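In: what follows is a predicted structure for the sequence shown.
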Amino acid sequence: MNEVRRRFAREIAERSGVENPRIEAAFAQVPRESFLGPGPWLTLPDESGYRSTPSADPAHLYADVAVAIDAARMLNNGSPGMLARWIDMLDLAEGDSVAHLGCSIGYYSAILAEVVGASGRVIAVELDPELHARARRALKSWGQVEVRQADAIEEPRERVDAILAHAGVTHAAPQWLASVGVGGRIAMAVTAVRPSTRIRRIVRNHAGRILVLKREALGWSARFGERIGVQAMLGGRDRVLQRVLADSMSGADPMGESVRSLRLDVHDLASSCWAHGAGYCLSTCPPGESR
């Protein structure tokens, strides 16, 4: 399977356009079948729904498809290409510390562990007891990973270089913002609208975009990435902000291309406010500026 994984990793890196070579090496190293268990497996190659693999050959897992963890709950191990791009947006380096919030069965926590290396640290957080137990078993080979059963909204409890919030939210939790210093990054799925296609039958919660925040000396820079559809993070949604985001995502700049910063100060609604909330505003102004 080593050669199969190497080809898979190369294809993921090329198709996804990832810039960090450590990400390709990570996908080549981590056996996906060790996290997903014995096959055959249910995959989600397109919007039409789940399809069973022809056999229990692990080679079927090395494609850019989501794979069911619990089909009854529509809970999946996400598409590798999407996660490769998501991880790439965090600009991780060897030795970094990263919190993976909503780690599920831990496959992408292992990918993160390979990216940051033995000198780095991964805090993998999962609230669901069954998923936490599976992740803890599967991640035993990565000594730099700590698996916690905890509420992702309250984690990490220590300073880290980066956070990957692996579920749909309307905003960055205060604990996340407090856990990264200057230069720290947070990548999360900001979701507020229903999918416009048949994928709504698969992604029952919300669709939106990946948002990357970076703490600068003068505040938080912000930039949106690709579209995403994921299940919601428990406790990660604010009803008022959801309505504001839904309006913004259907307005004059639905992609959020003009967004440049996250403002945490209380201020009046202005023309620079792309999504304005009380003390939490995605703004078109650069960090530290207001108008």
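Out: That came through fine.

In: contacts, neighbours, all on C-alpha from now
Out: Will do.

In: for Q29, give me its contacts.
Out: Contacts of Q29 were listed using CA atoms under 8 Å, 6 or more residues apart in numbering, and they are N2, R5, R6, E114.

In: so it versus G106, what's the distance?
Out: 14 Å (CA to CA, to the nearest Å).

In: leaving out chain neighbours, which residue sits closest to the residue nearest the centre of the chain?
Out: Most central in the chain under CA atoms, centre = their mean is H166, positioned 3.7 Å from the mean C-alpha point. Distances taken as CA to CA, 6 or more residues apart in numbering place G102 nearest to H166, at 5.2 Å, with adjacent residues excluded.

In: pretty sure that neighbour contacts D128?
Out: No: applying CA atoms under 8 Å, one finds G102 not in contact with D128, separated by 9.0 Å.

In: tell me which of these two has more neighbours.
Out: G102 (26 against 15; other CA atoms under 10 Å).

In: and the more buried one, how far from I228?
Out: Distance from G102 to I228, by CA to CA: 16 Å.

In: next one: W176
Out: As judged by CA to CA, W176 and I228 stand 21 Å apart.

In: let me see the ranges of the strands in the stretch 151-291 of the chain.
Out: Along the stretch 151-291 of the chain, the stretches classed as strands by DSSP state E, counting those that start in this stretch are 162-169, 185-193, 206-216, 219-230, 261-263, 273-277, 280-283.

In: packing partners for the third one?
Out: It stands for strand 206-216. Secondary-structure packing of strand 206-216 (3 or more CA pairs under 8 Å, 6 or more residues apart in numbering; DSSP states H and E): strand 185-193, strand 219-230.

In: low-confidence regions, this protein specifically.
Out: Low-confidence segments of the chain (pLDDT under 70): 195-205, 291.

In: all helices for it, in order.
Out: Using DSSP state H, the helices of the chain run over residues 2-16, 21-29, 33-36, 80-88, 107-116, 129-138, 174-178, 239-248.

In: V212 is nearest to which of these?
Out: V212 sits nearest to helix 80-88 of all those, at 9.1 Å, using CA to CA.

In: what about the closest one, distance to the chain center?
Out: 8 Å (CA atoms, centre = their mean, to the nearest Å).

In: list of residues touching that helix?
Out: 12-13, 15-20, 23, 63-66, 108, 112, 164, 187, 210.

In: what do you get for stretch 215-223?
Out: Contacts for stretch 215-223 (CA under 8 Å, 6+ apart): 180-185, 211-214, 256-257, 259-263, 282, 286-288.

In: hmm, which of those are the buried ones?
Out: With burial judged by 16 or more other CA atoms under 10 Å, the buried subset of these is 180-181, 184-185, 211-214, 256, 259-263, 282, 286-287.

In: picking up where we left off before, TSV for the helices of the chain, including distance to L269?
Out: Shown next, in TSV, are the helices of the chain (distance: least, CA to CA, whole Å):
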stretch	distance to L269
helix 2-16	37
helix 21-29	41
helix 33-36	47
helix 80-88	31
helix 107-116	39
helix 129-138	42
helix 174-178	22
helix 239-248	12
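
In: just so I know, which of these lies nearest D96?
Out: Judged by CA to CA, the one of the helices of the chain that comes nearest to D96 is helix 107-116, at 5.5 Å.

In: show me what the closest one is packed against.
Out: Using 3+ CA pairs under 8 Å, 6+ apart, the elements in contact with helix 107-116 are helix 21-29, strand 97-101, strand 121-125, strand 145-148.

In: between that helix and helix 21-29, how many degrees?
Out: 130 degrees (axes from the mean of the first three to the mean of the last three CA atoms, to 10 degrees).

In: relative to helix 129-138, how tilted is helix 107-116?
Out: On the basis of the same axes, to 10 degrees, helix 107-116 is oriented at 40 degrees to helix 129-138.

In: wait, doesn't A59 sit right on N2?
Out: No: in this structure A59 lies outside contact range of N2 using CA under 8 Å: 10.2 Å.

In: give me the more crowded residue out of those two.
Out: A59 (15 against 11).

In: show me what contacts that one?
Out: M1, V4 are the contacts of A59 under CA under 8 Å, 6+ apart.

In: measure it to R5 for me?
Out: Look at A59 and R5: by CA to CA, they are 8 Å apart.

In: go on, A93?
Out: According to CA to CA, A93 and R5 sit 22 Å apart.
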